[in-house]
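J.: fold the following and give me the result.
(one chain, ligands or ions: 1)
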Amino acid sequence: MIILDRDGVINRLVVDPEQGTVNSPLHPSQVQLVPGAGEAITILNQAGHRVSIATNQPAAAKGTTTMANLEAVHARVLELVRAQGGLVTSSHICFHKSEDGCSCRKPATGLLEQALGGVSDRERRESWMVGDGITDVEAGAKLGLNTVYIGPRRSDHLHMLQERELNPTQFFSSLMDFAKWISER
Ligand SMILES: [Mg+2]
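T.: Model prediction:
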């Protein structure tokens, strides 16, 4: 099982140069895949891996978009992935905001445990959590999964990982690079 974070890994983040903000898509019209992400999921599938998504989506709870928009955004991401041949077995979404104190929002492990439900011990040991956030690595590490940090090896990120004593199993600059690496092992 390969559990993927969504925003910044599969779909692009939405940059608003005027506000200087970087956000998850809040409307389906804003959804664009990271180049190669759909093909990367296809490569993972072809290498025999099931792929799930675990994503925090607090925007409706914060009042900056609607639940219907968040659901449409996710449906659009899956549609674009499928158009490139990629199959996502299951999606696990936390709609809470951090103040809610839920057990699903990453870095808590609830979403990942949902994704791993019914997976054999053997498959679990060979499972991966892949994300571009510190919290993705943290959630995966709590469950003893292999972890991948996607993104540039920026010193501030590395410092934050180090501070939390997090040691990603692997670093890659994109999901495609990870997919190529794991499919060639
Ligand atoms: Mg992310």
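
J.: just the element for Ala75, please.
T.: helix 67-83 (DSSP states H and E).

J.: what values do phi and psi take at Leu175?
T.: Leu175 has phi and psi values of phi -60, psi -40 when expressed as degrees, to the nearest 10.

J.: dump the residue contacts of it.
T.: By C-beta atoms under 8 Å, 6 or more residues apart in numbering, the residues touching Leu175 are Leu4, Val9, Ile10, Val34, Gly36, Ala37, Ala40, Ile41, Val130, Ile150. To be clear about C-beta, it is placed using only N, CA and C from the backbone, and glycine gets the same treatment.

J.: one more time with 6 Å, if that's ok
T.: Leu175 makes contact with Val9, Ala37, Ala40, according to C-beta atoms under 6 Å, 6 or more residues apart in numbering.

J.: just Ile41 next, same as before
T.: Applying C-beta under 6 Å, 6+ apart to Ile41 gives the contacts Val51, Val81, Gly86.

J.: the second one touches Gly38, doesn't it?
T.: Yes - applying C-beta atoms under 6 Å as the test, Val81 and Gly38 come out as touching, 4.6 Å apart.

J.: higher neighbour count, these two?
T.: Val81 (24 against 21; other C-beta atoms under 10 Å).

J.: gap between the more buried one and the ion?
T.: 15 Å (C-beta to the ion, to the nearest Å).

J.: give me the pLDDT for that residue.
T.: Per-residue confidence for Val81 comes out at a pLDDT of 98.

J.: the helices in the protein, which residues?
T.: 37-46, 59-62, 67-83, 110-116, 121-125, 134-142, 155-163, 175-183 (DSSP state H).

J.: mean pLDDT for the ones you listed: which is lowest?
T.: Among these, helix 155-163 carries the lowest mean pLDDT (a mean of 86).

J.: now that one and helix 134-142, what's the angle there?
T.: 30 degrees (axes from the mean of the first three to the mean of the last three C-alpha atoms, to 10 degrees).

J.: now helix 155-163 - C-alpha only, PDB.
T.: Backbone C-alpha positions of helix 155-163 (Å, rounded to 0.1, in the frame of the first residue of the first chain) are rendered in PDB as follows:
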ATOM      1  CA  SER A 155      17.600  23.500   4.700                       C
ATOM      2  CA  ASP A 156      14.600  24.900   6.700                       C
ATOM      3  CA  HIS A 157      12.600  21.800   5.900                       C
ATOM      4  CA  LEU A 158      15.400  19.500   6.800                       C
ATOM      5  CA  HIS A 159      15.900  21.500  10.000                       C
ATOM      6  CA  MET A 160      12.200  21.100  11.000                       C
ATOM      7  CA  LEU A 161      12.400  17.300  10.300                       C
ATOM      8  CA  GLN A 162      15.500  17.100  12.400                       C
ATOM      9  CA  GLU A 163      14.000  19.000  15.200                       C
END
